[in-house]
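Visitor: sequence and predicted structure are below.
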Amino acid sequence: MSSFPNQGNYNNYPSGGRGGFKNQRGGFGRGRGGDQGSGRGRGHSDYRPRRDDRNKPQGNQKLCKFFQQGICNKPNCGFVHKYSYNDSITGVQRFTVNAPIASAVVINEEQIAVALVNGSIKIINVYTGSQVLEFPVSGQIQKLYYTANIVINNMPQNFNYLLFGGVSQDGSQLLGGINTQSGNPELFPQGHAGGITDITESCGLIFTGSLDCSVGVWYYNGTQYNFGTLIRPDPSIINQNFITSVKVIGETLLAATNLGYVIGWTYDFKQNSASYLGVLDPIHNGTANCLITFDRYVLSGGQDGRVLCWDSENNFSGWELANTGKARSEISSLLIMSNLRNELHLLLGDANGKIHIFALQGTEAKYISPVHLFKQRVTSLSSYINNSQRISGFVSTSMDQAAAIMQWIK
């Protein structure tokens, strides 16, 4: 187990429909996804989350958000001191730092890494909430990614990178890594013309999304990561567009954009080449902020407060899976994980500091409870499993300089 030592023209693109990819020639892949305008299909575009009455506490029905944020000091507080209506989660650790947190990743059971927007990466001890190490970086960090258990033939065993990406002081690409053996930050060669917005890994390759509306591909040459190539969407959607998130599922490379599109390519890992597929349907009304993959599914959270989902084994048919209710709070982070009963849950972090918890049942999501952990934007959600302490939960971070580690108790 590795750890750090203690020291254009968009009118031709779909606004809703039956799912699948669409391109300028009409696209391919038609599924049963919901219609963006009416909300028909498997999702519920006009759905207002309602809490199950059986999960509500008796008497006062409102949870104390100040308790959830760790700041309630009223001995006779009239609100309920719980983290959820069904009492399914509890707090493990909470800590604050000296700047807004842009991203966080779990290193191992004892350590998490947080990236501050001012260009500092801190390694935090989970048990104490105290700082173990700090790495200053020149620029504004937007994303962390930890290459745990990555399999590359020419990479030494137990050799992992904590990758960071963002915008350098002159507005260009900021991309580098800190390896767990030497602990030395290393900057990658320039590949993008703009800053980095997201990082992911597949089959030993690193993929990066950028403000220059391209996806970069990076490979490990035995001593460091080198730049491979840039992948761009169809030229008609590049103008005033940028990539917000990237993910790979099977042999399909996907990228979310600030105009609400999720675009895709078929990626040939043997030839290291990509073929543009088009735009996934449906699309967001506003920026598509984040992508995650789970099993055969791709999920996107957007500025419009909706979670869109596509089935990669059914020609990428798409539908609206969930939303943040009547207020339609902007979704900034997504996570799928199981509770102690091995029941799948979807977690949505929003721009107002709330985490919305849904139970996943088949291809539908049932609203369970909000958790108001922060006052400002939730910037990351990561699963946290600690077998030695029998903890199964998640780590969440926020722009209000705070991080919280939560645990499932049901």
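Guide: On my side now, so go ahead.
Visitor: sec struct for the closest residue to residue 353 other than its chain neighbours, please.
Guide: Nearest-residue entry for residue 353: residue 374, 3.4 Å, with adjacent residues in sequence omitted and distances by CB to CB, 6 or more residues apart in numbering. Where C-beta positions appear, they are placed from N, C-alpha and C, glycine not excepted. Of the three states, residue 374 takes coil under DSSP: H, G, I helix; E, B strand; the rest coil.
Visitor: now residue 236
Guide: helix.
Visitor: quickly note the distance from it to residue 282.
Guide: 19 Å (CB to CB, to the nearest Å).
Visitor: ok, now residue 72?
Guide: 41 Å.
Visitor: and these two? which has more neighbours close in?
Guide: The neighbour comparison of residue 72 against residue 282 (other CB atoms under 10 Å) goes to residue 282, with 30 against 14.
Visitor: so that one sits against residue 320, correct?
Guide: Yes: if you go by CB atoms under 8 Å, residue 282 and residue 320 touch, sitting 7.0 Å apart.
Visitor: so what's the residue count around residue 75?
Guide: Using other CB under 10 Å: residue 75 sits among 5 other residues.
Visitor: report the buried residues of stretch 170-179.
Guide: Using 16 or more other CB atoms under 10 Å as the test for burial, stretch 170-179 gives 172, 173, 174, 175, 176, 177, 178, 179.
Visitor: same check, this time on stretch 304-322
Guide: 304-312, 314, 316-322.
Visitor: check stretch 117-131 too.
Guide: Quick answer for stretch 117-131 (16+ other CB under 10 Å): 117, 119, 120, 121, 122, 123, 124, 126.
Visitor: stretch 390-407 now?
Guide: In stretch 390-407, counting by 16+ other CB under 10 Å, buried: 391-407.
Visitor: which parts of this protein are helices?
Guide: Ranges of helices in the chain, per DSSP state H, are 65-68.
Visitor: where does pLDDT dip in the stretch 151-300 of the chain?
Guide: Residues of the stretch 151-300 of the chain that meet the criterion pLDDT under 70 lie in 151-159, 238-240.
Visitor: okay, strands next: where are they in it?
Guide: Assigned by DSSP state E, counting those that start in this stretch, the stretch 151-300 of the chain shows strands spanning 161-167, 173-179, 185-187, 196-202, 205-210, 215-220, 225-231, 243-249, 252-257, 262-268, 273-281, 288-294, 297-302.
Visitor: got the angle for the last one vs strand 243-249?
Guide: For strand 297-302 and strand 243-249, the angle between their directions (axes from the mean of the first three to the mean of the last three CA atoms, to 10 degrees) works out to 170 degrees.
Visitor: also the fifth one?
Guide: What separates the directions of strand 205-210 and strand 243-249 is an angle of 160 degrees, with the same axes, to 10 degrees.
Visitor: cool, the first one as well?
Guide: Orientation check (the same axes, to 10 degrees): strand 161-167 against strand 243-249 gives 150 degrees.
Visitor: can we start the residue count at 3 from this point?
Guide: Yes, from this point I'll number from 3; that puts the last item at strand 163-169.
Visitor: give me the helices and strands touching strand 163-169, please.
Guide: Under the contact criterion of 3 or more CB pairs under 8 Å, 6 or more residues apart in numbering; DSSP states H and E, strand 163-169 touches strand 113-118, strand 142-148, strand 175-181, strand 198-204.
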